[in-house]
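Q: Coordinates for the following, if possible.
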Amino acid sequence: MNTSSWTGLPRDGKLEQVVIAVNCLEPVFDALVDAVIFLKDAEARYLFVNKTFMDRCMVRSKDHVYGRLAQDIFPQRFGAAYTTQDRAVLASGDEITNQLELHFYTGRRSGWCLTSKYCIVEEGRRVALMGISRDLKAPEQNHPAYERVAAVAAHIQQHYAHSLQLHSLATMANMSIAQLERYFKIIFNLSPRQLLLKARLEAARKLLPGELNLTQIASQCGYADHSAFSRQFKTLIGISPRSYRASLRMMVQKDPMCQDGRN
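A: The predicted structure follows:
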C-alpha cells in the first residue's frame, strides 16, 4: 500500500494546506484507537497528533505536544532515537513503509507496530513529515489457511535461534513461497521474516537484563555475530542493546518492580 494512500493527503503542496487538511480530518484520526498519526515540521517538531498518541503518552492536551520533538515527549533514550529517525527521513527523502518497530510510551508501556513515514514537499523542499504507526492486529483465525500458516508461525517462534530458510517453511505449509508470504501478511499482518525478527528481538529483550554479554545473547537469539545483532536491534527497537540494557538497569534502580521496561 502506498504510504500516502491511508490519509489521502498530498505529497506535494503548501505546508499550510496540508495542516488544514489534517485538522479537517482530526475527528477521523481521533477515532482510530489502534494507530498513532502525526505530522511534523522540517525540524521534526510536532504539528499534529491524534488522540491515540495523547492517550499513550499520557499528555493532557495536544497543545502540550505541538512544537516539541519526540525526544521531549518519550522516554529520553527512545525519544532521541525517534527524532534521529525523523530527521534522517527529512534529510534523505527516503520513505519508511510498514517497518516493524517496538514503541515505548510513558508509564513503561511498549508495543509492536508497523510504521510508515513520508515527506511533504513544497517547491522542491522537504517541509514536513507525515507518519502512522499501526498496532499489530490479532491473527485472522477464520482464514481457511490459518492452521497451516499458524503451524509455521509456531515453528518460527520456537526455533528462532536457528537458521530458518523460507523455502523450508513454505514446504512445511505445503505452499509456494509466494503463497506463504501472502497468507502471512493476511493472517499475521507480518511477513515470515518480520515474525522471525520479532521473535529474536523479544528473546533478546528478556536476556538483556541478565548477566550474559552481547555476544552470548546474539548467539542465543540466532545471530552469527553481535554486530549484526546490534544493528538489527537498533533498527527495530530504536537504541543499541547496550543502551537498552543501561536503560533497564536505571529503571530497576528507580523502581525494583520494573524488570524489563514493560507493564
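Q: Look up phi and psi at Gln165.
A: Main-chain dihedrals, Gln165, degrees, to the nearest 10: phi -100, psi 140.
Q: so what's Thr106 closest to, chain neighbours aside?
A: Met58 (5.0 Å; CB to CB, 6 or more residues apart in numbering). C-beta here means a position set from N, CA and C on the backbone, and glycine is covered the same way.
Q: where does that neighbour fall, phi/psi-wise?
A: According to degrees, to the nearest 10, Met58 has phi 50, psi 50.
Q: so it makes contact with Phe74?
A: No. The criterion here is CB atoms under 8 Å, and Met58 misses it with Phe74 at 11.2 Å.
Q: out of the two, which sits in the busier spot?
A: Phe74 (21 against 11; other CB atoms under 10 Å).
Q: now the helices: where do they sit in the stretch 1-150 of the chain?
A: Ranges of helices in the stretch 1-150 of the chain, per DSSP state H, counting those that start in this stretch, are 15-24, 26-30, 51-57, 70-73, 76-92, 146-158.
Q: Ok, which of the ones you listed comes nearest Asn174?
A: Of all these, it is helix 146-158 that lies closest to Asn174, at 6.6 Å by CB to CB.
Q: Enumerate the positions of that closest one that are buried.
A: 146, 148-150, 152-153, 155-156 (16 or more other CB atoms under 10 Å).
Q: Same check on stretch 137-148?
A: 139, 145-146, 148.
Q: Out of those, flag the one nearest to Phe229.
A: Pro139 (27.1 Å).
Q: how about low-confidence regions in this protein?
A: Residues of the chain meeting the criterion pLDDT under 70: 1-10, 12, 107-108, 251-263.
Q: Apply 90 and report the result again.
A: Where the chain drops to pLDDT under 90, the residues are 1-14, 75-78, 103-110, 123, 137, 224-225, 238, 246-263.
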